[in-house]
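[1] sequence first, then the predicted structure, then my questions.
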Amino acid sequence: MGKHEPAFAPRLLPAPEAAHYLGISETTLRGLGLPRRMLGGKRLYDRITLDEYASGLPVEGEVDDDEVSRCDKIFGT
């Protein structure tokens, strides 16, 4: 029999699993500066923080309100 995987995602993830969860490399993950939680000497990423980061990324095709405001200031509208 193979290794039994839990039916749920753990809340706290080590860097390799957190990077895999977001679909990025560990180097990119570490460069984001996301906070980590300490548990028994381990530095772990909180899945909720990862979700919040991903949800805050721009969506292709949507207009960024900050960009619109900057253009309004430049063109005086």
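    All right, it came through fine.
[2] low-scoring stretches of this protein, by residue?
    Along the chain, the model assigns pLDDT under 70 to residues 1-2, 6, 64-73, 77.
[3] next, the buried residues of the strand ranked longest in the chain.
    In terms of residue count, the longest strand belonging to the chain (DSSP state E) is strand 42-46. By neighbour count on 16 or more other CB atoms under 10 Å, the buried set for strand 42-46 is L44, Y45, D46. For every residue, glycine as well, the C-beta is placed using N, CA and C.
[4] other residues contacting it?
    By CB atoms under 8 Å, 6 or more residues apart in numbering, the residues outside strand 42-46 that reach it are R11, L12, L13, P14, A15, A18, L29, L34, P35, R36, R37, M38.
[5] now stretch 10-26
    9, 28-30, 37, 39, 42-48, 50, 53-54.
[6] how long is that stretch from one end to the other?
    18 Å (CA to CA, to the nearest Å).
[7] and it, what's buried?
    L12, L13, E17, A18, A19, Y21, L22.
[8] element containing the third one?
    With secondary structure defined by DSSP states H and E, E17 is part of helix 15-22.
[9] can you state the direction angle for that helix and strand 42-46?
    Between helix 15-22 and strand 42-46, the angle comes out at 10 degrees (axes from the mean of the first three to the mean of the last three CA atoms, to 10 degrees).
[10] beyond helix 15-22, next helix or strand please.
    Following helix 15-22 in sequence, per DSSP H and E, is helix 26-31.
[11] so what does the helix or strand following that next one touch, helix or strand wise?
    Following helix 26-31 in sequence order, the next helix or strand is strand 37-39 (DSSP H and E). Secondary-structure packing of strand 37-39 (3 or more CB pairs under 8 Å, 6 or more residues apart in numbering; DSSP states H and E): strand 42-46.
[12] list the strands paired with the strand it packs on, with their directions.
    strand 12-13 (antiparallel), strand 37-39 (antiparallel) (DSSP bridges).
[13] adding distance to G76, write the contacts of strand 42-46 out as TSV.
    Output for those, formatted as TSV (distance: CB to CB, whole Å):
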residue	distance to G76
R11	49
L12	50
L13	48
P14	51
A15	48
A18	45
L29	42
L34	39
P35	41
R36	45
R37	48
M38	51
